[in-house]
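K.L.:
Sharing a sequence plus its predicted fold:
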Amino acid sequence: MKSSEDALKKLNLPFVDAITPSTSTFKDGAQYRIEIPSTEGPVAFRTVLDEAES
């Protein structure tokens, strides 16, 4: 990690996040959601559900 910070400093680039984390949340208090953009048919959807359980 130190070497990456040194490289960024040499390039005059920021090496820490300058953005304040968002305090926004969904109605249930969660900070983020995961979206599955497309599931093509019941077999693919079953695979998504099985993977989510594991």
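P.N.:
Sure, I can see it.

K.L.:
what ranges do the helices span in this structure?
P.N.:
Taking DSSP state H as the test, the helices found in the chain are 2-10, 42-53.

K.L.:
quick one: which of those helices is nearest Pro21?
P.N.:
Of all these, it is helix 2-10 that lies closest to Pro21, at 20.1 Å by CB to CB. All C-beta spots, glycine's among them, are computed from the backbone N, C-alpha and C.

K.L.:
Can you tell me how far Ser54 is from Ser38?
P.N.:
Look at Ser54 and Ser38: by CB to CB, to the nearest Å, they are 21 Å apart.

K.L.:
Distance to Ala30, mean neighbour count and mean pLDDT added to the helices of the chain, as CSV?
P.N.:
Below are those laid out as CSV (distance: least, CB to CB, whole Å; neighbours: other CB atoms under 10 Å; pLDDT from 0 to 100):
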stretch, distance to Ala30, mean neighbour count, mean pLDDT
helix 2-10, 31, 10, 87
helix 42-53, 16, 10, 89
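
K.L.:
Make JSON lines from the ones you listed and add distance to Arg33 to it.
P.N.:
Shown next, in JSON lines, are the helices of the chain (distance: least, CB to CB, whole Å):
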{"stretch": "helix 2-10", "distance to Arg33": "30"}
{"stretch": "helix 42-53", "distance to Arg33": "14"}
